[in-house]
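> predicted coordinates and the sequence they were generated for:
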Amino acid sequence: MSLDTGLDAHADPHADPHAEGLGLPEGQDGPADGPTFDSLDPATGDVVGTHPVDDAAAVDAAVARARQSAGWWAALGFDGRKEVLAQWRGVLTRRIGQLAAVVHAETGKPHADAALEIGLAIDHLAWVGAHAEKVLGRKRVSPGLLLSNQTASVEYLPLGVVGVIGPWNYPVFTPMGSIAYALAAGNAVVFKPSELTPGVGRWLADSLREVVGDRALLQVVTGFGETGAALCRADIDKLAFTGSTATGKRVMATCAERLTPVVIEAGGKDALLVDADADVTAAADAAAWGAFSNAGQTCIGVERVYVHEQVYDRFLAELSDRARAVHAGNDPAAKLGPMTMASQVDVVRSHVSDALQRGGRAVVGGEDTVGERFVQPTVLVDVPEDSLAVTEETFGPTVTVRKVRDMDEAVALTNAGKYGLGSTVFSAKRGPEIARRLRTGMTAVNSVISFAAVPGLPFGGVGDSGFGRIHGPDGLKEFTYAKAVTRQRFKPVLNLTTFDRTPEQDTTFATLLTALHGRASQLPKRPRKPLRTRKD
Ligand code: NDP
């Protein structure tokens, strides 16, 4: 298959990973004439790169360029897009070390964790290429008896230009959950990375440009909140946001000015539940990873744990051992990096202080281990359920652990929160049943965070965690509109959509309708017993 993509198969794999290193065409993400800002290494404060503060005019220009390329991209069809995305996947895979270095430099997370994040994003990219046609392509639909003279079909067409506003905590995996799916569905994308990780966003756009040449398929605009707001106000067809609930509300309000639809992937306060029959060691291992990895800066990270009283002591001891075995730092042995956003340290400190002032205890860590840039793992117990450490997203390597009578209490406490993103259940026998009762968009049973790595599963939450879905078939459809078409095959015996309809035809229609649906609504002769639920 031959594609006019402008692919440079011999691009230099050792090119400078930062801002202007990959030979950009004029007018796209190039060096700025206007104001700029620096991205910093959060562990050292060193300048990692310098990027333009794009104003509304620059954002509008990027969106206009995207619109020009969107038609070409949509017209490539599923096979053509699959080929381009496969080529991009190849570039990302071969240069995973280079991209991981940029992620490490801008977020501080360990290099291996950065590579893991990128690897999962690559796997999602493969999935969308392979599944877009099956999910979105034209399908015949039964027209039903009344319209049996018609054929009916539905397909999911690209919206045009999608804006993506991404966070800093997983600066590849998270925005790619929108970018890859929007592209595979046939849209062009304009991406505003977090001000903390602009170099990662730029690297991603540059790497796709190596495949598609000067087509403005994925462009990056950089800057602060105002640049994001300008993207919301621009001539885009949908906006996918990941970040805090508070900013999500602002994004939604701004998008409402143009009735631009939004996907909101907001925060979480995910719980892990441990049943009496659970594998306690595995549960403690999962809780430690879920709470502390990425220095706790994970929207689906474990922030609170509810443990059956029969296994509470053993679980707490095992979790505490694991918490003591890892540390945050800049040394090679450190499994946790710094807090990527400096101001987050104050948030973490305020949650820990509030918990301790209100009767909680730090079994591991505590206030003293919240440093200037690094926060050590902290395990809190006896924390009241209405304290900040239980109700608000902490986004640091801290976790609360509470003893519960049974899983009913654990489910009730989990569902009492305003967030509903992810959750985890450890139970030998009742995992799926407990999972179903949790009001969260996703649940992992006997493992942690696994749902995010399954490309075929939708990712998203309820309540203050937002709405809409990325990943999976739902994630592909999120960036399309459903197009329904009927085609008349032959003239109907009973034409219902004409002013020439006769009273006889109305009677025939009524008779037909009664035959089709009349019995469905018959009332029972005796009052029915109340319906029993499965729980009864
Ligand atoms: P924000 O929600 O403020 O920012 C997320 C993204 O939105 C960034 O790209 C940001 O740009 C952009 N943005 C900010 N203001 C606007 C606006 N008015 N219109 C459009 N876009 C805007 O997250 P923060 O980075 O400030 O982190 C704050 C808190 O959010 C954290 O403490 C954490 O609790 C939560 N968070 C949750 C994440 C999740 O995955 N659920 C991810 C990241 C944070 P810029 O960075 O330039 O300000």
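Noted; the coordinates are in hand.

> so which elements touch the helix or strand hosting Asp60?
For Asp60, the element it lies in under DSSP states H and E is helix 56-75. Where contact means 3 or more C-beta pairs under 8 Å, 6 or more residues apart in numbering; DSSP states H and E, helix 56-75 is packed against strand 150-158, strand 161-165, strand 188-192, strand 218-220, helix 225-233. Where you see a C-beta, it was placed from the backbone N, CA and C, and this is true even at glycine.

> could these go into CSV alongside distance to Ala389 and mean pLDDT?
Output for the helices and strands packed on helix 56-75, formatted as CSV (distance: least, C-beta to C-beta, whole Å; pLDDT from 0 to 100):
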stretch, distance to Ala389, mean pLDDT
strand 150-158, 43, 98
strand 161-165, 28, 98
strand 188-192, 31, 98
strand 218-220, 36, 98
helix 225-233, 27, 98
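
> relative to Asp270, which of the ones you listed is closest?
Asp270 lies closest, by C-beta to C-beta, to one member of those: strand 161-165, at 22.1 Å.

> ok now that closest one, how far from the chain's centre?
In this view, strand 161-165 has its centroid 13 Å away from the chain centroid, taken as C-alpha atoms, centre = their mean, to the nearest Å.

> now the angle from the helix holding Asp60 to strand 161-165?
130 degrees (axes from the mean of the first three to the mean of the last three C-alpha atoms, to 10 degrees).

> including mean neighbour count and distance to the ligand, could the helices and strands packed on helix 56-75 go into TSV?
As requested, those are exported to TSV (neighbours: other C-beta atoms under 10 Å; distance: least, C-beta to the nearest ligand atom, whole Å):
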stretch	mean neighbour count	distance to the ligand
strand 150-158	16	23
strand 161-165	28	5
strand 188-192	28	6
strand 218-220	26	12
helix 225-233	21	2
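
> let's have these in TSV, adding distance to Trp203.
Formatted as TSV, those follow (distance: least, C-beta to C-beta, whole Å):
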stretch	distance to Trp203
strand 150-158	25
strand 161-165	15
strand 188-192	11
strand 218-220	9
helix 225-233	18
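
> show me the one of the ones you listed that comes nearest Ala64.
Closest to Ala64 of these, according to C-beta to C-beta: strand 161-165, at 9.1 Å.

> who does the closest one pair with, and is each partner parallel or antiparallel?
Sheet pairing of strand 161-165 (DSSP bridges) gives strand 188-192 (parallel), strand 238-242 (parallel).

> quick revisit: by contact count, what packs against the helix or strand following the helix holding Asp60?
Next along the chain after helix 56-75, taking DSSP H and E as the criterion, comes helix 77-94. Applying 3+ C-beta pairs under 8 Å, 6+ apart, one finds that helix 77-94 makes contact with helix 111-136, helix 173-184, helix 198-212.

> so the second one versus strand 150-158, what angle?
For helix 173-184 against strand 150-158, the angle between stretch directions is 130 degrees (the same axes, to 10 degrees).

> same for helix 173-184, what does it pack against?
Counting contacts by 3+ C-beta pairs under 8 Å, 6+ apart, helix 173-184 packs against helix 77-94, helix 111-136, strand 161-165, strand 188-192, helix 198-212, strand 238-242, strand 262-265, helix 472-477.

> what are the contacting residues of it?
For helix 173-184, the external contacting residues (C-beta atoms under 8 Å, 6 or more residues apart in numbering) are 73, 81-82, 85, 117-118, 120-121, 124-125, 128-129, 132, 162, 164, 166-167, 189, 191, 193, 201, 204, 217-218, 238, 240, 242, 263, 265, 299, 452, 459, 470-471, 475-476, 478-479.

> chain center to the helix or strand that contains His51: distance?
Assigned by DSSP H and E, His51 falls within strand 47-52. Averaging C-alpha positions (C-alpha atoms, centre = their mean) puts strand 47-52 26 Å from its chain's average.

> now stretch 151-170
Mean-position distance between stretch 151-170 and its chain equals 13 Å (C-alpha atoms, centre = their mean).

> picking that back up, near the ligand at all, the helix holding Asp60?
No. For helix 56-75, no contact with the ligand is found by C-beta under 6 Å from any ligand atom; the gap never falls below 10.8 Å.

> could you check the angle helix 198-212 makes with that helix?
On the basis of the same axes, to 10 degrees, helix 56-75 is oriented at 40 degrees to helix 198-212.

> quick check: Asn446 touching Arg430?
No. Counting by C-beta atoms under 8 Å, Asn446 sits too far from Arg430 to count as a contact (11.1 Å).

> sorry, back to before: so which of the helices and strands packed on helix 77-94 is nearest the ligand?
Nearest to the ligand, of all those, is helix 173-184, at 6.1 Å by C-beta to the nearest ligand atom.

> give me the angle between the closest one and helix 111-136.
Using the same axes, to 10 degrees: helix 173-184 against helix 111-136 is 30 degrees.

> just to revisit the earlier point, of the helices and strands packed on helix 56-75, which is nearest Leu356?
Among the helices and strands packed on helix 56-75, helix 225-233 comes nearest to Leu356, with 32.8 Å by C-beta to C-beta.

> could I get the contacting residues of Phe490?
Phe490 neighbours (C-beta under 8 Å, 6+ apart): Asn149.

> tell me the confidence at Trp289?
On the pLDDT scale, Trp289 is placed at 98.

> what sits closest to it if chain neighbours are left out?
Distance criterion C-beta to C-beta, 6 or more residues apart in numbering; nearest residue to Trp289, sequence neighbours excluded, is Val448 at 5.9 Å.

> can you put the helices and strands packed on helix 173-184 in JSON lines and add distance to Leu336?
Below are the helices and strands packed on helix 173-184 laid out as JSON lines (distance: least, C-beta to C-beta, whole Å):
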{"stretch": "helix 77-94", "distance to Leu336": "25"}
{"stretch": "helix 111-136", "distance to Leu336": "9"}
{"stretch": "strand 161-165", "distance to Leu336": "26"}
{"stretch": "strand 188-192", "distance to Leu336": "28"}
{"stretch": "helix 198-212", "distance to Leu336": "19"}
{"stretch": "strand 238-242", "distance to Leu336": "22"}
{"stretch": "strand 262-265", "distance to Leu336": "24"}
{"stretch": "helix 472-477", "distance to Leu336": "30"}
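
> could I get the phi/psi values of Met252?
phi -60, psi -40 (degrees, to the nearest 10).

> verify the stated contact: it with Ile264.
Yes. Judged on C-beta under 8 Å, Met252 makes contact with Ile264 at a distance of 6.5 Å.

> if you count what's nearby, which of the two comes out ahead?
Ile264 (23 against 18; other C-beta atoms under 10 Å).

> surely that one touches Phe241?
Yes. The pair Ile264 / Phe241 is scored as a contact, 5.4 Å apart, by C-beta under 8 Å.

> what touches both of those two?
What both Ile264 and Phe241 touch, as defined by C-beta under 8 Å, 6+ apart, is the set Gly248, Val251, Gly466.
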